[in-house]
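K.L.:
Predicted coordinates and the sequence they were generated for:
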Amino acid sequence: MTTTTIPASSGFGESVRRLRIGPYLFVVALGLIVFVAIGPQQFVNALTIGAIYALIAIGYTMVYGIIELINFAHGDVFMVGAFASMFVLTSVLGQEPNSSADSAPQAVFLIVTTFLIVMPVMGLLGVAIERFAYRPLRNAPRLAPLITAIGISFILQNIIQIIFGPSPVNTPQVIPPTAKIQIGDVSIGVVNIFVISVSVGLMIVLQLFVSRTRLGRAMRSTAQDREAAQLMGVDINRTIALTFFIGSALAGAAGIVQGFYFGAITFNLGFQAGLKAFTAAVLGGIGNIAGAALGGFIIGFVEVTAAAYGLFVWGQALVFAVLIIVLVFRPSGLLGQQLGERA
């Protein structure tokens, strides 16, 4: 009889079944410290950036939870989503770069249309990558799909560079950056509220989908034990393809809000964002959806706090320092948990 160790974060089941308040209290305490240290305005900026990282990180953690693959091409799917959003707004919907909607109904139309087009297209891109690049290597040594993921990443970067060029590209900011909501002495950008609301809303919908639907149960069972799930009638190929579709669609949503918030995108956008999102997934507990979201917000807090104190160039170093410190005390991440062994 052989013994197999289950990874520290065994997948979706952990994030759905177990609710440990300690890590959440840690994040809340960190948020309060950041709020006091940098003020409400920068705190909102930290939440906004953290929300984007969280959306990307969820895709990383979903794929790892299902097939234990670190999908390094995921960051570039996010980048392609940003360019797809820009293309839809300018070439399909007729918006000018750096332009904003003239009215609230127009803004709603542009936003809804962009999400309805870009998210499914990015989901199908993720499914295509899984079908033609990863599925043939599913039973190959671990190094083969890992190198393939890096290759897909470079392919996506080069395609976008050939089409749009190496220089930054301006994208329409549908919500005017000057639109603010005054709350006491604090002025909060409408686009910040939009990005945070969309990101948190998508995370909640995903969590409900995974925990309360038949397909979600199939995803959790596949993450727990692929062979046993297949014996119980779960279509493994369809479940894995669905996981890539959802993760890539969320990356596409992150690309959309990235363009709305910053107003400029580049072909190498996915590398840095993907690296930070992967760090967020590891920080929260790789394979855990809630952990990936928490990790994204933590990285947003750390980056914005560093910039607020004039340490912008040290931002990435501080992010990885926090990662190392957390992993020293919790090697499986904030919400990861070692489940022991099974026969």
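P.N.:
Everything's here; your move. Just so we're clear, the structure is a prediction, and the values are computed from it rather than from any experiment. Numbering: from 1, shown residues only.

K.L.:
How about Asn71: what's its closest non-neighbour residue?
P.N.:
Distances taken as C-beta to C-beta, 6 or more residues apart in numbering place Val63 nearest to Asn71, at 4.6 Å, with adjacent residues excluded. C-beta: built from backbone N, CA, C; applies to glycine.

K.L.:
Surely the one you found touches Ala73?
P.N.:
No. Between Val63 and Ala73 there is no contact under C-beta atoms under 8 Å: 9.9 Å.

K.L.:
ok, then the element right after the biggest helix by length in the chain?
P.N.:
The single longest helix within the chain, with elements called by DSSP state H, is helix 21-67. Next helix or strand after helix 21-67 toward the C-terminus (DSSP states H and E): helix 74-87.

K.L.:
tell me the angle of that next one relative to helix 21-67?
P.N.:
Taking axes from the mean of the first three to the mean of the last three C-alpha atoms, to 10 degrees, helix 74-87 and helix 21-67 form an angle of 90 degrees between their directions.

K.L.:
So for helix 74-87, mean pLDDT?
P.N.:
Taken as a whole, helix 74-87 has an average pLDDT of 95.

K.L.:
cool, and stretch 258-273?
P.N.:
What stretch 258-273 shows for mean pLDDT is 91.

K.L.:
measure it end to end?
P.N.:
With C-alpha to C-alpha, to the nearest Å as the measure, stretch 258-273 spans 10 Å from end to end.

K.L.:
which of the residues in that stretch are buried?
P.N.:
258-267, 269-271, 273 (16 or more other C-beta atoms under 10 Å).

K.L.:
Stretch 167-177 now?
P.N.:
Of the residues in stretch 167-177, 169, 171-175, 177 count as buried by neighbour count, 16+ other C-beta under 10 Å.

K.L.:
follow-up on the earlier one: gap between the residue nearest to Asn71 and Gln316?
P.N.:
23 Å (C-beta to C-beta, to the nearest Å).

K.L.:
neighbour count winner among these two?
P.N.:
Taking other C-beta atoms under 10 Å, Val63 and Gln316 do not tie; Val63 has more neighbours (27 against 17).

K.L.:
what's near enough to touch that one?
P.N.:
69, 71, 74, 243-244, 247 (C-beta atoms under 8 Å, 6 or more residues apart in numbering).
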